[in-house]
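Engineer: pasting the sequence and the predicted model now:
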Amino acid sequence: MKTETLRARLLEVQLDLVNHRERSVIVLLTGHAVTHKGRLVNELNHWLENRHTEVHALGPSSEERERPYWWRFWRRIPDRGRIGIFIHGWYGDALFARAERRLSPGAFRDRLAEIRAFEAELAAEGVVLLKLWMDIGRHEQRRHLEALQQDPVRAWQLSDTDWQRHLQHAAIGALGSEMREATAADHAPWRRLDFRDRPAQLRRVGALLHETLVAPPAPPRAMPEAVPDEALAAPSIRHADPRVPAPMKKASYAARLVDAQGRLAINAREVARRRIPVVLAFEGLDAAGKGGGIHRVTEALDARQYRVHRIAAPSDEELALPWAWRFWRRLPADGRIAIFDRSWYGRVLVERVEGLAPEAAWRRAFAEIREFERQLLAHGAVLGKLFLAISQEEQLRRFEARAATPHKRHKLTDEDWRNRERWGDYATAIDEMFARTQAPGAEWALIACDDKRQARLAVLEEVNRRLELRLASPP
């Protein structure tokens with residue numbers, strides 16, 4: 001195909017992608033040094049309508065180092081209808097860290113497993129991947145390096161790193177082969193491109209991108225289902241009794257509240273000093289008191305240290321991106337606290353029960369959630385998961401009280417009554433959620449909430465317990 005014809009067809013299918021907004025595309029180029037990656041991307045961007053493309057080629061910033069590793073890539077996933085081009089991306093990090101022995105063989109394999117999970121999740125959410133390995137022989141690479149060095153116009157492009165990569169040519173080639181074999185999939189194929197003159201290389205890349213854009217998306221390979229630890233018992237909403245023999249007296253509650261909030265204030269300051277991130281996820285039945293529990297937590301905190309994220313129906317911006325994006329983007333920096341009033345568990349609760357997510361999506365979400373939380377813990381975060389439970393009798397009493405109180409009526413919606421009618425369906429979903437997402441460091445705390453005072457103290461006690469457990473470990 002002639003260059004001009006290819007260019008016209010590529011632009012046509014890109015604009016079709018933009019108009020339909022059904023999926024996004026990621027093109028990732030990695031491989032050996034001095035294989036035209038930067039110049040190829042620049043020229044390819046001129047072929048495309050670059051208002052709908054974005055290029056990423058920077059190392060991690062200080063902001064990104066203060067969050068879990070994958071945050072820096074999740075926040076750069078292109079919207080539906082757009083093309084994201086990554087130079088090296090997540091592969092370059094793993095490849096060069098292993099070549100320089102900053103990653104052990106086991107850590108390298110673990111990173112490749114994370115990449116497989118990440119790409120499977122993207123593909124399931126409508127992101128098409130095209131991965132290009134740029135190859136060059138060792139002698140050809142050296143000849144090209146020497147030619148660049150002697151060219152007064154382009155010599156500035158060379159760096160010590162390029163020569164280091166040349167010395168590591170054999171290691172990078174072997175590691176690249178291992179990496180491609182471990183991460184190749186129908187939904188995330190690798191294409192190997194031999195070094196050649198730039199116009200021919202550009203035509204080849206353009207043809208592969210055109211082929212990717214016109215091909216039907218490949219079904220993603222399912223993530224392997226992680227099996228919860230048998231010794232780690234999960235709570236059960238069906239077997240819990242949120243009722244209390246007698247409500248707590250106001251005077252006793254006030255004294256204990258001061259003590260619990262005082263402990264929390266001290267723990268939060270130490271968390272900030274030691275740069276430990278904290279993620280608290282609040283889930284619960286309607287009218288169980290999530291807002292009241294969160295308010296008693298935040299009363300004890302410095303407003304500069306925390307942020308509360310109230311998760312509702314996704315916005316148009318969030319619908320244009322993979323489902324997990326809106327949670328990744330809200331993760332706190334080291335030393336900060338993120339509180340989620342409802343969370344990523346909505347996919348396996350309300351979205352499941354109300355039919356807002358296909359069955360394949362909410363079933364897949366269990367493994368995705370476990371991987372997400374594993375990465376939070378690997379970064380050193382404290383993860384608290386609190387589920388606030390209430391009896392059907394107490395929920396009805398609170399609904400009726402809200403309906404009768406003018407300044408509380410806005411809290412009661414038709415959806416609350418509909419959810420109540422599906423109590424059994426929600427109980428089934430909740431117990432399965434507990435069983436399939438219980439893990440060391442990510443255990444669920446089931447809070448009995450028929451008595452508001454005791455429930456609020458239990459919330460504070462659980463948050464303090466989590467923080468103190470982490471603070472008791474060596475820095």
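Structural biologist: Now that the structure is in, tell me what you want to look at.

Engineer: other residues contacting stretch 314-325?
Structural biologist: For stretch 314-325, the external contacting residues (CB atoms under 8 Å, 6 or more residues apart in numbering) are 21, 74-75, 77, 79-81, 121-122, 125-127, 326, 344, 347, 361, 365, 368, 372. Every C-beta, even on glycine, is put in place using the N, C-alpha and C of the backbone.

Engineer: quick one, what contacts R296?
Structural biologist: Applying CB under 8 Å, 6+ apart to R296 gives the contacts L257, Q261, R456, V459, L460.

Engineer: for those, pick the one with the most neighbours.
Structural biologist: Most neighbours among the contacts of R296, by other CB atoms under 10 Å: V459, with 27 neighbours.

Engineer: wait, it sits on K290?
Structural biologist: No - applying CB atoms under 8 Å, one finds V459 not in contact with K290, separated by 9.1 Å.

Engineer: what touches both of these two?
Structural biologist: With CB under 8 Å, 6+ apart as the test, V459 and K290 both reach L388.

Engineer: would you map the strands across the stretch 351-475 of the chain?
Structural biologist: Applying DSSP state E, counting those that start in this stretch to the stretch 351-475 of the chain gives strands spanning 382-389, 444-448.

Engineer: now the stretch 101-250 of the chain
Structural biologist: Along the stretch 101-250 of the chain, counting by DSSP E, counting those that start in this stretch, strands occupy 127-135, 190-194.

Engineer: low-confidence bits of the stretch 151-300 of the chain, can you list those?
Structural biologist: Within the stretch 151-300 of the chain, the stretches with pLDDT under 70 are 220-232.

Engineer: run a quick neighbour tally on the nearest residue to A272 once chain neighbours are set aside.
Structural biologist: Computed as CB to CB, 6 or more residues apart in numbering, the closest residue to A272 that is not its neighbour in sequence is G335, at 4.5 Å. Counted by other CB under 10 Å, the residues lying close to G335 total 16.

Engineer: now G335, what's its secondary structure?
Structural biologist: Under DSSP: H, G, I helix; E, B strand; the rest coil, G335 falls in the coil class.

Engineer: kindly report the same for the one 5 residues further on.
Structural biologist: Local secondary structure at F340 is given as strand here, using three-state DSSP.

Engineer: and the most centrally placed residue in the chain, what pLDDT?
Structural biologist: By CA atoms, centre = their mean, the chain has its centre lying nearest to W328, at 4.1 Å. pLDDT, W328: 98.

Engineer: distance of it relative to R82?
Structural biologist: Distance, W328 to R82, using CB to CB, to the nearest Å: 18 Å.

Engineer: and if you look at R352?
Structural biologist: According to CB to CB, R352 and R82 sit 30 Å apart.

Engineer: between those two, point out the one with more neighbours.
Structural biologist: Taking other CB under 10 Å, R352 and R82 do not tie; R352 has more neighbours (24 against 20).

Engineer: could you pull up the residues touching the more buried one?
Structural biologist: With CB under 8 Å, 6+ apart, R352 has these contacts: E359, W362, A429.

Engineer: likewise for H379?
Structural biologist: With CB under 8 Å, 6+ apart, H379 has these contacts: R67, P68, Y69, P277.

Engineer: try it again with 6 Å
Structural biologist: For H379, the contact set (CB atoms under 6 Å, 6 or more residues apart in numbering) comprises P68.

Engineer: same thing with A184?
Structural biologist: Contacts of A184 (CB under 6 Å, 6+ apart): W190.

Engineer: pLDDT at A404, what is it?
Structural biologist: pLDDT, read off for A404, is 85.

Engineer: sorry, back to before: among the contacts of stretch 314-325, which ones are buried?
Structural biologist: 74, 77, 80-81, 121-122, 125-127, 326, 344, 347, 361, 365, 368, 372 (16 or more other CB atoms under 10 Å).

Engineer: ok, and what's touching the lengthiest helix in the chain?
Structural biologist: Ordering each helix of the chain by length in residues (DSSP state H) puts helix 250-273 first. For helix 250-273, contacts defined as CB under 6 Å, 6+ apart pick out V278, A300, L301, Q305, G335, R453, L457, L460, N464, L467, L471.

Engineer: adding distance to H36, write those residues out as a markdown table.
Structural biologist: A markdown table is the format used below for those (distance: CB to CB, whole Å):
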| residue | distance to H36 |
| --- | --- |
| V278 | 45 |
| A300 | 57 |
| L301 | 52 |
| Q305 | 47 |
| G335 | 42 |
| R453 | 68 |
| L457 | 64 |
| L460 | 59 |
| N464 | 57 |
| L467 | 51 |
| L471 | 51 |
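
Engineer: quick one: which of those residues is most hemmed in?
Structural biologist: Result: V278 is most packed of these (other CB under 10 Å), 26 neighbours.

Engineer: before we move on, the earlier item: for the strands of the stretch 351-475 of the chain, which one ends up most surrounded?
Structural biologist: Among the strands of the stretch 351-475 of the chain, ranked by average contacts under mean count of other CB atoms under 10 Å, first place goes to strand 382-389 (a mean of 23).

Engineer: kindly provide the whole-number mean pLDDT of that one.
Structural biologist: 98.

Engineer: one more: stretch 131-145?
Structural biologist: For stretch 131-145, mean pLDDT is 95.

Engineer: buried stuff in that stretch?
Structural biologist: K131, L132, W133, M134, D135, I136, E140, Q141, H144, L145.

Engineer: need the per-residue pLDDT for the nearest residue to the second one once chain neighbours are set aside.
Structural biologist: To tie it back to what came earlier, the one meant is L132. Nearest residue to L132, sequence neighbours excluded (CB to CB, 6+ apart): L29, at 4.7 Å. L29 is assigned 97 on the pLDDT scale.

Engineer: my guess is L29 contacts H36, does it?
Structural biologist: No - contact criterion CB atoms under 6 Å: L29 and H36 do not qualify, at 9.4 Å.

Engineer: more neighbours: those two, which one.
Structural biologist: Between L29 and H36, counting by other CB under 10 Å, L29 is the more crowded of the two (26 against 21).

Engineer: what are the phi and psi values at the more buried one?
Structural biologist: Backbone geometry at L29, expressed as degrees, to the nearest 10, gives phi -110, psi 130.

Engineer: go on, H36?
Structural biologist: phi 70, psi 20.

Engineer: how about A357?
Structural biologist: With angles defined as degrees, to the nearest 10, A357 sits at phi -130, psi 140.

Engineer: next: R307.
Structural biologist: When read as degrees, to the nearest 10, the backbone of R307 gives phi -150, psi 130.

Engineer: distance of it from V279?
Structural biologist: Distance, R307 to V279, by CB to CB: 11 Å.

Engineer: repeat for P247
Structural biologist: Relative to V279, P247 is positioned 32 Å away (CB to CB).

Engineer: those two - which one has more neighbours?
Structural biologist: The residue with more neighbours, out of P247 and V279, is V279; 25 against 12, by other CB under 10 Å.

Engineer: in which helix or strand would I find the more buried one?
Structural biologist: strand 278-284 (DSSP states H and E).

Engineer: that strand packs against which elements?
Structural biologist: helix 290-298, strand 337-341, strand 382-389 (3 or more CB pairs under 6 Å, 6 or more residues apart in numbering; DSSP states H and E).
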